[in-house]
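Q: Sequence first, then the predicted structure, then my questions.
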Amino acid sequence: MKGEGLYYGDYLQLDKILGAQALESDKPGNQHAHDEMLFIIIHQSYELWFKQILFEVGSVIDVLSKPNIHDNSPDLFMANHRLKRVVTIFHMLIDKINILETMTPLDFLDFRNMLRPASGFQSIQFKLLEAYLGLRMEQRHGKEYYVSQLKPADVETIKNAETKKPLIALVNEWLERTPFFDDKKLWTGWEADNGIHPFWKKYSGIYSASLTEGEKFNYKRFEDVLLGNEKKPEWNLSPKARRAALFIMMYRDYPLLQLPFQLITVLLEIDESTATWRYRHMNMVHRMIGTRTGTGGSTGKDYLKGALDRHYIFGEFAELTSFMIERNKLPELPQALNERLGFGAFSL
């Protein structure tokens, strides 16, 4: 075969991949544990797929780092496509837990103590993914434990990743560039009120009237997160970005808003997928070790539940559904804006 081009095994470097399963239970003095091979292969495959996810998310960050993105452009289509691929990969990773669960708790005990203090908690690629998406060190559940369990070089790797704008920050900037409300000519005849854009003045009245007695508290939240101009430090999205996102979600049937709506939707799906992955992982850990501590010294299930509850990155988009109104009550847009949204003359 020499000189005839690539050979399958050489191209994929299968000698390295298939030779990378070194069982601790096969070392001198230990007793062979059959299920350790499954445990290693599952986790190695996770890391390979994490690498692919980082590759996809990194490319989307490059796209959204551009100063202007046309809403019906190949760039935005490509960003959506690659993020949808990330969601599909996560669905597959969740399904892999079914394979790992063919290992019983007793099977795991055959080699579990040999793994200490190594832990899936130390997966740098997954931590990098969280940083790429927008989870910061100070926001992490059990952050003191988080730092103590990583090698100093890995902590620096995460810190360096956090010096760059994450996906959520770039999405915020992209939404803030939404031009629908800045062109006063489009809103001729619409009356503003105390600096509030005439569209949002009208929308807020309709929204307030749609609330039941038990939902009235929602209007105060609506005012706080949507009608102001200041972005609080703990927020990922500014009020201006939230207004743009809500507008996109409500008027998504216009051709120009289809790709932006899909982008918002796929970000929510990423949050849902990572949360589902954490949930399945948490339940598997509880099934395997009960209330015992993890091999890395964490509190096991309790730690994983805390991370599940706190590590949402795109949750502010989900909250916007609290502020939606029925489609048949939406304010009718000015004719000029109708035309532009139909023909795609704007770029964000």
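A: Received it, and whenever you're ready, just let me know what you need. Residues are numbered from 1 along each chain as shown.
Q: name the helices or strands packed onto the helix ranked longest in the chain?
A: The residue-count maximum for a helix in the chain (DSSP state H) belongs to helix 258-289. For helix 258-289, the packing partners by 3 or more C-beta pairs under 8 Å, 6 or more residues apart in numbering; DSSP states H and E come out as helix 74-100, helix 105-109, helix 167-176, helix 239-250, helix 301-310, helix 315-319. No exception for glycine: its C-beta is placed from N, CA and C like everyone else's.
Q: one more time with 7 Å, if that's ok
A: With contacts taken as 3 or more C-beta pairs under 7 Å, 6 or more residues apart in numbering; DSSP states H and E, helix 258-289 sits against helix 74-100, helix 105-109, helix 239-250, helix 301-310, helix 315-319.
Q: list the buried ones in the second one?
A: Just to be clear, that refers to helix 105-109. Buried residues in helix 105-109, counted by 16 or more other C-beta atoms under 10 Å: Asp107, Phe108.
Q: Start at 38, not 1
A: Will do, 38 is the new start, and the previous item becomes helix 142-146.
Q: Which SSE is immediately downstream of it?
A: helix 161-170 (DSSP states H and E).
Q: pLDDT (mean, whole number) over that next one?
A: Summarised as a single mean, pLDDT over helix 161-170 is 93.
Q: tell me what that helix is packed against?
A: If contacts are counted by 3+ C-beta pairs under 7 Å, 6+ apart, helix 161-170 sits against helix 73-101, helix 189-198, helix 204-213.
Q: before we move on, the earlier item: so how far is the longest helix of the chain from its chain's centroid?
A: On the basis of C-alpha atoms, centre = their mean, to the nearest Å, helix 295-326 is displaced by 8 Å from the centre of the chain it belongs to.
Q: for stretch 65-80, same thing?
A: Per C-alpha atoms, centre = their mean, the centroid offset for stretch 65-80 relative to its chain is 32 Å.
Q: Quote the end-to-end distance of that stretch.
A: Taking C-alpha to C-alpha, to the nearest Å, stretch 65-80 runs 24 Å from one end to the other.
Q: Okay, buried residues for that stretch please.
A: Applying 16+ other C-beta under 10 Å to stretch 65-80 flags Ala70, Asp72, Glu73, Phe76, Ile77, Ile78 as buried.
Q: Could you do stretch 49-67 as well?
A: Neighbour-count burial for stretch 49-67 [16+ other C-beta under 10 Å]: Leu60.
Q: For it, measure first residue to last.
A: 32 Å.
Q: average model confidence for that stretch?
A: Mean predicted confidence for stretch 49-67 is 96.
Q: what does stretch 251-259 give?
A: 90.
Q: what sits up against it?
A: Ser241, Tyr244, Ser245, Leu248, Ser359, Phe360 (C-beta atoms under 7 Å, 6 or more residues apart in numbering).
Q: of these, buried ones?
A: Ser241, Tyr244, Phe360.
Q: so which of the residues you listed would you say is closest to Val100?
A: Closest approach between these and Val100, by C-beta to C-beta: Phe360, at 28.3 Å.
Q: what's the distance between that closest one and Pro276?
A: Note on Phe360: its distance to Pro276, by C-beta to C-beta, to the nearest Å, is 12 Å.
Q: So for these two, which residues contact both of them?
A: Leu263.
Q: And Tyr45, what's its pLDDT?
A: At Tyr45, the pLDDT recorded in the model is 94.
Q: Any chance of JSON lines for the helices and strands packed on helix 295-326, columns distance to Ser96 and mean pLDDT?
A: Output for the helices and strands packed on helix 295-326, formatted as JSON lines (distance: least, C-beta to C-beta, whole Å; pLDDT from 0 to 100):
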{"stretch": "helix 111-137", "distance to Ser96": "6", "mean pLDDT": "95"}
{"stretch": "helix 142-146", "distance to Ser96": "37", "mean pLDDT": "91"}
{"stretch": "helix 276-287", "distance to Ser96": "22", "mean pLDDT": "96"}
{"stretch": "helix 338-347", "distance to Ser96": "26", "mean pLDDT": "61"}
{"stretch": "helix 352-356", "distance to Ser96": "21", "mean pLDDT": "94"}
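Q: Now tabulate those helices in CSV and tack on distance to Lys188.
A: Putting the helices and strands packed on helix 295-326 into CSV (distance: least, C-beta to C-beta, whole Å) gives the following:
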stretch, distance to Lys188
helix 111-137, 24
helix 142-146, 25
helix 276-287, 37
helix 338-347, 19
helix 352-356, 31
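Q: which residues does the spatially closest residue to Ile78 that is not a sequence neighbour contact?
A: Excluding the flanking residues, the one nearest Ile78 by C-beta to C-beta, 6 or more residues apart in numbering is Gln58, at 6.5 Å. Residues in contact with Gln58 (C-beta under 7 Å, 6+ apart) are Met74, Ile77, Ile78.
Q: hmm, back to that, nearest to Tyr83, out of the buried ones among the contacts of stretch 251-259: which one, please.
A: Phe360 (37.4 Å).
Q: separation between the closest one and Glu376?
A: Relative to Glu376, and taking C-beta to C-beta, Phe360 is found at 27 Å.
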